[in-house]
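>>> Predicted model and sequence below, questions to follow.
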Amino acid sequence: MMKTSEITGVMIQYYMTCPRELWLYLNQINMNYDNDDIDIGKLIHETSYKREKKEIRIDNVVFDFIQTNDKLTVFEVKKSSKLTIGAKYQLYYYLYILKKAGIDAEGMLVFPKERKRIPIILTDEIIDKIEKILQNIKQIATQEKPPQEEQKPYCKRCSYNELCMI
Amino acid sequence: MGILYRKENTLKFKNKDMDISIPIHAINEINCYDKVSLKSGAITLLQHEKIIVNFFNKYGYYTGSLYPRINLNSGMIVVKQALTYDNNQKRCFIAHEMVNGMKHNMIKTLKYYKKKGKNLNDYIEQLEKEPILDGNINKILSSEGKLWQTYYPSFNQITKKFPIQKREFRPPTNEMNSLISFGNSLLYTTTLSEIYHTYLHPSISFLHEPRERRFSLACDLADIFKPLIVSRTIFKLVNTNMINEKHFTHDAGVYLNKKGREKFIQEYNNKLKTTIKHPTLNKKVSYRYLIRLEGYKLIKHMLEDKTYESFKTWW
Ligand code: SF4
């Protein structure tokens, strides 16, 4: 059984966008080996926020943060706001981990290309949701078979597209 | 004769006439038909860029590959692949379906030439009624053998020259057999490259025995595509006279000479690049890519995600 501490932000993101994608990822079936999306993300990350950037690591989660007055704000830089739901929950998850560690923080999703920022605040309701999600992720990790694919608009850009549609 | 070497991050090839760069990001694999030496720098670069290098002897026979480290590794898939092989029923299901696809593609190929006015009715009928036995792998394999035996003589109706009575391997004693052998070995290496880009292990096969010296999964998948890719390349080459008597040498057998191999490879590569609209992917894919998709289908089958249906020409 997977431990909660093994759950990463990426898994949360995948879970929110597509449980099948999460299952494939958890079973080390990766299709984006010749897809440079990841590198582009990294590049934006490295060049856009040089001055403010600091990294912290809790368990296996790494994120950027900035101290404003006495409040901690966690920043997550994203390439495009199209996939907000996954990114949002990834950030909620970071805030959740911080809260467990006794740190109250707020989040900020940043889309440098679109000059857009979305503040993220962890509420009790969201905490419940996150805990549900963590349970579900562990459950998916134990499944023998991948969850069936479901056609959604995101599929077009998903690296598993051909594996799913063939 | 030549040397593959590395200069900074470029792969270079030199022989007595030339010294050229090979665009490593634009190639799928490297096939060596003459003596080629690889410098260790080149090997490191090829491994890093995940390019397979295949070697052929002077007759154009495949002799082996420099296969890069396994790049996509999912322990779970290899385990499932091995378990599928080890279970007679599961193995036979896949093997049978592969032969089924092969048969379909043979018939489709002949029907295509029938439309062009070739007298192929008898062969088509015979193939159609040829049963694919089931139950154990030997029965399936013998059905496969019979299908090829029926299929190859039909070439005499399609091509204007180079008659074939039966398939001969080592050495091929006539031109058509040598064309088939050469084409099959090309398709084998293409298939191997495509398998490399899936999670499948190239040594665990279903139709062929994994005990064979070669990467037997490539033999499995190549069989399905032979009628579409190899046969049709041959028909084109022979019927348009692109390959004729002067492209063969008669040695201990009959073989394509250098010029003949060049012509063949060129036409073969054109065939691989041919695209076709895929019904479920909703886009155009090349014949080469169809082979990789076949690998994906096997993965899905083994994950119990979707039952395997072999490639059958749908156009
Ligand atoms: S293609 Fe669609 S169904 Fe398949 S993993 Fe991606 S999002 Fe999920």
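Cool, the structure landed. Computed from a predicted structure; not experimentally measured. Numbers count the residues shown, from 1 in each chain, chains lettered A, B, ... in the order given.
>>> is it fair to say A:Arg117 lies in a strand?
Yes - under DSSP: H, G, I helix; E, B strand; the rest coil, A:Arg117 falls within a strand.
>>> quick one: the strands in the chain?
If you meant another chain, say so; for now it's chain A. Along chain A, the stretches classed as strands by DSSP state E are A:55-58, A:61-68, A:71-77, A:105-111, A:116-120.
>>> actually chain B
Assigned by DSSP E, the strands in chain B fall at B:2-7, B:10-14, B:19-22, B:29-32, B:36-38, B:52-56, B:62-66, B:248-250, B:254-256, B:275-277, B:284-286.
>>> Nearest to A:Leu95, out of the ones you listed?
A:Leu95 sits nearest to strand B:284-286 of all the strands of chain B, at 43.4 Å, using C-beta to C-beta. Backbone N, C-alpha and C define where each C-beta goes, glycine included.
>>> Can you name every helix or strand that the closest one contacts?
With contacts taken as 3 or more C-beta pairs under 8 Å, 6 or more residues apart in numbering or on different chains; DSSP states H and E, strand B:284-286 sits against strand B:275-277.
>>> Give me the buried positions along stretch B:35-49.
Of all the residues in stretch B:35-49, those buried under the rule 16 or more other C-beta atoms under 10 Å in any protein chain shown are B:36, B:38, B:42-43, B:45-47.
>>> Which of the strands of chain B sits closest to A:Ile12?
Among the strands of chain B, strand B:284-286 sits nearest to A:Ile12 (C-beta to C-beta), with 33.3 Å.
>>> buried sites along that closest one?
Using 16+ other C-beta under 10 Å as the test for burial, strand B:284-286 gives B:Val285.
>>> Just checking: what are the partner strands of that strand?
With DSSP bridges as the test, strand B:284-286 is paired with strand B:275-277 (antiparallel).
>>> pLDDT on the partner strand, on average?
The pLDDT scores in strand B:275-277 average 96.
>>> Same question for stretch A:7-25.
pLDDT averaged over stretch A:7-25 gives 91.
>>> Give the residue spans of chain A that score low on pLDDT.
Where chain A drops to pLDDT under 70, the residues are A:32-69, A:83.
>>> For it, which residues are neighbours of chain B?
A:27-30, A:33, A:144-146, A:148, A:161-163, A:165-166 (C-beta under 8 Å from any C-beta of the partner chain).
>>> Specify which member of those is nearest to the ligand.
Checking those against the ligand with C-beta to the nearest ligand atom, the nearest one is A:Asn161 at 4.5 Å.
>>> Which stretches in the stretch 201-315 of chain B count as helices?
B:216-225, B:232-239, B:258-273, B:287-302 (DSSP state H, counting those that start in this stretch).
>>> If you could redo that for chain A, that was the one I meant.
For chain A, the helices defined by DSSP state H cover A:9-17, A:19-26, A:37-48, A:84-100, A:124-142, A:161-165.
>>> buried ones in the fifth one?
Of all the residues in helix A:124-142, those buried under the rule 16+ other C-beta under 10 Å are A:126, A:130, A:133-134, A:137, A:140-141.
>>> With stretch B:296-309 instead?
Neighbour counts using 16+ other C-beta under 10 Å place B:296-303, B:305-306, B:308 of stretch B:296-309 among the buried residues.
>>> same deal with stretch B:73-88?
Neighbour counts over stretch B:73-88 (16+ other C-beta under 10 Å) mark B:74, B:76-78, B:80-81, B:84-85 as buried.
>>> likewise stretch A:110-120?
The neighbour-count check on stretch A:110-120 (16+ other C-beta under 10 Å) flags A:110-111, A:118, A:120 as buried.
>>> Repeat that for stretch B:45-65.
Buried positions in stretch B:45-65, judged by neighbour count with 16+ other C-beta under 10 Å: B:45-47, B:50-56, B:59-62, B:65.
>>> How about residues contacting it?
With C-beta atoms under 8 Å, 6 or more residues apart in numbering or on different chains as the test, stretch B:45-65 has contacts from B:4, B:6, B:9, B:11, B:24-25, B:27-34, B:36, B:38, B:66-69, B:71, B:171, B:178, B:181-182, B:185, B:188-189, B:192-193, B:196, B:214-215, B:251, B:253, B:255-256, B:261.
>>> now it: mean pLDDT?
Rounded mean pLDDT across stretch B:45-65 is 84.
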